[in-house]
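A.B. asks: Okay, here's the prediction I keep looking at, along with the sequence it came from:
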Amino acid sequence: MPMIDPHSYTDSDHGSVKHLELDLNVNFDEHRLEGTATLHFGAKTRGPLHLDTRDLVIESVHSGEGQALEWTLDSAAGFMGSRLVIDRALGSEAIVIRYQSSPSASALQWLEPQHTAGGKHPYLFSQCQPIHARSMVPIQDSARVRFSYDARITVPAPLKPVMSAAPGEELPGSGEGTGTFTFSMPQPIPSYLLAIAVGNLESQDLGPRSRVYAEPEMLEKAAWEFAEVDKMLVAAEGLFGPYRWDRFDFIVMPPAFPYGGMENPRLTFLTPTLIAGDRSLVGVLAHELAHSWTGNLVTNATMNDFWLNEGFTVWAEYRILEALEGGEVVAMARAIGRHGLDEALEQFGEDSPYTRLETDLAGVDPDEVYSLVPYQKGCLFVQLVEETVGRKAMDEFLLAYMDRFQFTSLTTAEFEEFFHGYFPGIRERIDTKRWIHGTGLPEDAPVASSPALEELDALAAAWSEGKRVALEQTRSWSADSWQIYLQKLPRPMSSEECRWLEETYGLNSSGNAEILCQWLLIASASGYEPAYDKIREFLGSVGRMKYLKPLYATLHKGEKTAALAREIFDRFGGNYHPIARGGLENLLA
Ligand code: BES
Ligand code: ZN
């Protein structure tokens, strides 16, 4: 039985799902999705059929013709979940599964009203990447399988569902006080791009192909922050070819959303921490947009090949940024990226297998080894190729790559074959084997440099000699400049130094979550008590793992601050997303 993905029970001999039909009721009282999933295989299947599930209650399985089918559910195997086995599918083209998700479904977070912007209505959102779709739908949960989908979603009024799909009709629901909404996603997607959010949602158009969804309390701010989305879309199309998903809408989530952004097609999910009030964090939107090509159109086959998604996307994000804002801005972004990579390499150790681009994650929970390595080492590899072959050849390669693999998924080996075939002789100029299969960072990795970066370096280095940067001198700094400067400052600092830093620059009241987080990291590492309340407030109001993890780790490490980490986690841990909570529990154990 050919298993095609270490994180899925999908067996390629069994045929693959071509179309999914969902008919689900969103039960906020019980925290369950309940209804049916109809899997169409596009051809008659006799069975056996193996599907991925996790914590699902399977109620019945029928053939498309309505005949009851026998099934068994294997016992749960950790993050892999339980294999659903249908031995005899009776030559049906479709399988209808009646089921319920569990209140602890790893893909779903159910929020009480007090954890939303409006405070009056509950909220639900999904996060299926990397392997959580199986806790929401019984499916072949591997990126090697692609399917289109239709959905009918029933929710209590006045809530509104949105999905990674085109919205259709709004009908009165079968139950009293409910509404049923239809959706359709005509382009085939891998299961990790299934997505749903339900809440008190409104939307505002931002351009001919884009609108932003948010709770009404957030909508105006969100619309202003991302008003330039259409310019991004036009720039991206100029670089990577036509946009293939019709619309590029996005939704600003409640704070509990654990990532910066998630590239759900037709409906990117964004953390509200991007709303800085000055458009300084829109790079994340550019990143998710870039996934419309690298990731959603050309997709990693398995999580071992995740760098094909993220490395190319960071590179593409920087190209969009360069087209819109120029090279200086990109040099800053690259420096921030490099800092993150160096930290990840240090945490893993340079010899760690998790510092490889292609990884072997059989038996490993991909959430547990999530890091910036595939992003930033991947981007540096693509950048090195670009610098080696020249921009023109690189742009042509990218178009050929997407043309060849669009709407498919590929392994690293398939990538290498195509890449080496396209650039014969590239191996003599770049040690591609070392880059893709070796650990650590090769010496020929490009290094970000610019006069502004050098100046920030020098200023941060001078801190230890007692030299301070006058407020006046920082007036021209961008948010990225601040982030870089703060990242480079030494720690721990004395209380006097911390006080000076905070009071001079008013860091506690920064509206930019990246800057605020950098300052709180310094304060945490320094055990600076006057900042404890701010640390409590921040950790109680954000759910983005990018901020939670380093802050908790820093607090936990310090003798003086370890108890504070515990205290804050005991108070707010229950509000965090299950994935974030799990990671932090490990960290604090
Ligand atoms: N696809 C990722 C998020 C993700 C990856 C979720 C793996 C679950 C498993 C998304 O595109 C992403 O990379 N988000 C980043 C943004 C960034 C690098 C600009 C994030 O959330 O910080
Ligand atoms: Zn990404």
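C.D. replies: Nice, I can see it. Ligands and ions are numbered 1, 2, ... in the order given.
A.B. asks: where along the stretch 201-350 of the chain do the helices fall?
C.D. replies: For the stretch 201-350 of the chain, the helices defined by DSSP state H, counting those that start in this stretch occupy 216-225, 229-240, 283-290, 306-325, 327-348.
A.B. asks: residues from the stretch 251-400 of the chain in reach of ligand 2?
C.D. replies: Within the stretch 251-400 of the chain, the positions near ligand 2 by Cβ under 5 Å from the ion are 310, 313. Every C-beta, even on glycine, is put in place using the N, C-alpha and C of the backbone.
A.B. asks: Which single residue in the stretch 1-150 of the chain comes nearest to ligand 2?
C.D. replies: For the stretch 1-150 of the chain, the residue closest to ligand 2 is residue 129, as judged by Cβ to the ion, at 9.0 Å.
A.B. asks: In this model residue 192 seems to touch that residue, though I could be wrong.
C.D. replies: Yes - under the criterion of Cβ atoms under 8 Å, residue 129 makes contact with residue 192 at 4.1 Å.
A.B. asks: can you pull the contacts of residue 179?
C.D. replies: Residue 179 makes contacts with 154-155, 157, 159-160, 170-173, as judged by Cβ atoms under 8 Å, 6 or more residues apart in numbering.
A.B. asks: ok, 7 Å please
C.D. replies: 155, 157, 170, 172-173 (Cβ atoms under 7 Å, 6 or more residues apart in numbering).
A.B. asks: what does residue 136 give?
C.D. replies: 33, 101, 105, 107-108, 126, 128, 194.
A.B. asks: Now, of the residues you listed, which are buried?
C.D. replies: 33, 101, 105, 107-108, 126, 128, 194 (16 or more other Cβ atoms under 10 Å).
A.B. asks: so what does the helix or strand residue 198 falls within touch, helix or strand wise?
C.D. replies: Per DSSP states H and E: residue 198 is located in strand 196-199. Judged by 3 or more Cβ pairs under 7 Å, 6 or more residues apart in numbering; DSSP states H and E, the packing partners of strand 196-199 are strand 123-126, strand 160-163.
A.B. asks: Contacts for it, please.
C.D. replies: 26, 116, 121, 123-126, 153, 155, 159, 161-163, 215, 251, 253.
A.B. asks: And for the residue of the stretch 451-589 of the chain found nearest ligand 2, nearest residue in space, chain neighbours not counted?
C.D. replies: Closest contact between the stretch 451-589 of the chain and ligand 2, by Cβ to the ion, is at residue 546 (12.1 Å). Nearest-residue entry for residue 546: residue 260, 6.1 Å, with adjacent residues in sequence omitted and distances by Cβ to Cβ, 6 or more residues apart in numbering.
A.B. asks: How about residue 109?
C.D. replies: Closest residue in space to residue 109, ignoring its immediate chain neighbours: residue 577 at 5.2 Å, by Cβ to Cβ, 6+ apart.
A.B. asks: Would you check that the one you found makes contact with residue 258?
C.D. replies: Yes - the criterion here is Cβ atoms under 7 Å, and residue 577 meets it with residue 258 at 4.0 Å.
A.B. asks: Please enumerate the shared neighbours of these two.
C.D. replies: residue 543.
A.B. asks: Residues of the chain that sit close to ligand 1?
C.D. replies: With Cβ under 6 Å from any ligand atom as the criterion, the chain meets ligand 1 at residues 129-130, 259-263, 284, 287-288, 291, 310, 370, 375, 546.
A.B. asks: again, only using 8 Å
C.D. replies: Applying Cβ under 8 Å from any ligand atom, one finds that the chain approaches ligand 1 through 127, 129-130, 192, 258-263, 271, 283-284, 287-288, 291, 295, 306, 309-310, 313-314, 317, 366-367, 370, 372, 375, 544-546.
A.B. asks: separation between residue 493 and ligand 1?
C.D. replies: Separation of residue 493 from ligand 1 (Cβ to the nearest ligand atom, to the nearest Å) stands at 27 Å.
A.B. asks: same check, this time on residue 249
C.D. replies: Taking Cβ to the nearest ligand atom, one finds residue 249 at 16 Å from ligand 1.
A.B. asks: give me the beta-bridge partners of the residue nearest the centre of the chain?
C.D. replies: Nearest residue to the geometric centre of the chain (Cα atoms, centre = their mean): residue 262, 3.9 Å. Beta-bridge pairing of residue 262 under DSSP bridges involves residue 269.
A.B. asks: That one and residue 46, how far apart?
C.D. replies: Distance of residue 262 to residue 46, given as Cβ to Cβ, to the nearest Å: 37 Å.
A.B. asks: tally of neighbours for the closest residue to ligand 1 within the chain?
C.D. replies: Closest residue of the chain to ligand 1, Cβ to the nearest ligand atom: residue 260 (3.0 Å). Residues near residue 260, counting by other Cβ atoms under 10 Å, number 22.
A.B. asks: can you offset everything so residue one is 37?
C.D. replies: Yes, from this point I'll number from 37; that puts the last item at residue 296.
A.B. asks: What residue, apart from its backbone neighbours, is nearest residue 167 spatially?
C.D. replies: residue 43 (4.8 Å).
A.B. asks: So the one you found, which state does it fall into?
C.D. replies: Three-state call for residue 43 (DSSP: H, G, I helix; E, B strand; the rest coil): coil.
A.B. asks: what's the burial count for it?
C.D. replies: 25.
A.B. asks: Strands of the stretch 487-625 of the chain, residue ranges please.
C.D. replies: Assigned strands in the stretch 487-625 of the chain: none (criterion: DSSP state E, counting those that start in this stretch).
A.B. asks: can you give me the helices for it?
C.D. replies: Listed in chain order (using DSSP H, counting those that start in this stretch), the helices of the stretch 487-625 of the chain are 487-498, 515-524, 531-541, 549-561, 568-577, 581-593, 598-608, 614-624.
A.B. asks: Looking at these, which one is packed in the most?
C.D. replies: Among those, helix 549-561 has the highest mean neighbour count (mean count of other Cβ atoms under 10 Å), at a mean of 23.
A.B. asks: For that helix, name the packing helices and strands.
C.D. replies: When contacts are defined as 3+ Cβ pairs under 7 Å, 6+ apart, helix 549-561 sits against helix 515-524, helix 531-541, helix 568-577, helix 581-593.
A.B. asks: what does it contact?
C.D. replies: For helix 549-561, contacts defined as Cβ under 7 Å, 6+ apart pick out 309, 317, 515, 518-519, 522-523, 525, 527-529, 534, 538, 543, 546, 567, 570-571, 574, 578, 583, 586-587, 590-591, 594, 597.
A.B. asks: Please apply the same query to stretch 52-59.
C.D. replies: With Cβ under 7 Å, 6+ apart as the criterion, stretch 52-59 contacts 71-78, 173, 175-176, 181, 183-188.
A.B. asks: I'd like the contacts of residue 215 written out as JSON lines, with pLDDT, distance to ligand 2 and neighbour count added.
C.D. replies: Below are those laid out as JSON lines (pLDDT from 0 to 100; distance: Cβ to the ion, whole Å; neighbours: other Cβ atoms under 10 Å):
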{"residue": "191", "pLDDT": "98", "distance to ligand 2": "29", "neighbour count": "22"}
{"residue": "193", "pLDDT": "96", "distance to ligand 2": "35", "neighbour count": "11"}
{"residue": "206", "pLDDT": "96", "distance to ligand 2": "32", "neighbour count": "12"}
{"residue": "208", "pLDDT": "91", "distance to ligand 2": "39", "neighbour count": "12"}
{"residue": "209", "pLDDT": "86", "distance to ligand 2": "35", "neighbour count": "18"}
